[in-house]
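Chemist: dropping the sequence and predicted coords here.
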Amino acid sequence: MDDRFSNPGRRDVLHALSAALVAAGLLRATSARAAACGVTAATTAGPFYVGNAPSLADINRHGATGTPMRIAGTVFGGPDGRRPLPGAVVEIWHCDADGDYHPDGSGDVSRYAPEQVNLRGVGLTGARGDFRFDSIVPGHYGNRRRHIHWRFVAEGHRPLVTQSYWLDERGTLRERLDFVDRGTDDCRWVRFEMEEGIARGRFDVVLAPIG
Ligand SMILES: [Fe+2]
C-alpha cells in the first residue's frame, strides 16, 4: 500500500488543499457571474429599516416559526467588480413568515425593547469577502414579491441599499403586481434550493468604487 495515502496527516493536508481549490474555483465562478451583472442596483430601504441592528449571524434570535433559510454570498468591488472585499458591513432585514416586520417600524433600535427586534442583523465579510446569515424564509405582504432587504458598506466604495428576490417568482403574477423596483437585474434573483430542510441561496453583490 502506498503510505502517502495511509498517513492521516498527509491525507488531511490533501483534503484541505482540495477543499481550498474547490473554494477558489467557486469564488472565481461567483466573481465572474457577479461581474457580468455589473454594479448591483440600488432600491428602496422601505419603511421598516431600523438603525444599529444587532451583530448576528443567526438573525432569528427569538425563534420565529418558518422554513429555515441560509443565505450566503460575497461582496465584490474594485475597478473590475471582481475583487472580494473583506471587512465590508452587511446588514439584512426581512419580514416573518406572516409578512410582519419586527419591529413594525423604523428609527434607531434603541427605541424598541430587545424582544421586539427580530429578523434583522449586521455582520462583516470575512477574508474572502464572504458573508452568511441564518434565518427563516420571509412571507408575503401587500403586493410585494418575497424579498430580503440589504445594506452594504465597504471602504472606498459607494454604500448600497438594495433587495434580493426569489427566482421562482420571476415572471409570475406576483412579480407583475409588484411595482417596487421594476427591471430587477439578473443577479438579484436568487435561486433557493432545499437541502437538509434548509432553503439555501447565494447572493453576490458588486459595489461601485468611489472615484
Ligand atoms: Fe420589505
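Modeler: Yes, it's here.

Chemist: okay, now Gly156: neighbour count?
Modeler: For Gly156, the count of nearby residues is 11 (other CB atoms under 10 Å). (C-beta placed from N, C-alpha, C; glycine too.)

Chemist: likewise for Phe179?
Modeler: Residues near Phe179, counting by other CB under 10 Å, number 8.

Chemist: same check on Pro114?
Modeler: If you count neighbours by other CB under 10 Å, Pro114 ends up with 10.

Chemist: torsion angles phi and psi at it?
Modeler: Backbone geometry at Pro114, expressed as degrees, to the nearest 10, gives phi -50, psi -40.

Chemist: and what of the one 4 residues further on?
Modeler: Phi and psi for Asn118, reported as degrees, to the nearest 10, are phi -150, psi 160.

Chemist: Arg176 now?
Modeler: Per-residue torsions, Arg176: phi -70, psi -30 (degrees, to the nearest 10).

Chemist: tell me the spacing between it and Arg145.
Modeler: Computed as CB to CB, to the nearest Å, the Arg176 to Arg145 distance reads 10 Å.

Chemist: more neighbours: those two, which one.
Modeler: Between Arg176 and Arg145, counted using other CB under 10 Å, the more crowded position is Arg145 (21 against 11).

Chemist: report the separation between the closest residue in space to that one that isn't next to it in sequence and Thr43.
Modeler: Closest residue in space to Arg145, ignoring its immediate chain neighbours: Asp178 at 4.6 Å, by CB to CB, 6 or more residues apart in numbering. Separation of Asp178 from Thr43 (CB to CB) stands at 11 Å.

Chemist: just Ala199 next, same as before
Modeler: Taking CB to CB as the measure, Ala199 falls 22 Å from Thr43.

Chemist: next: Arg28.
Modeler: Counting by CB to CB, the gap from Arg28 to Thr43 is 28 Å.
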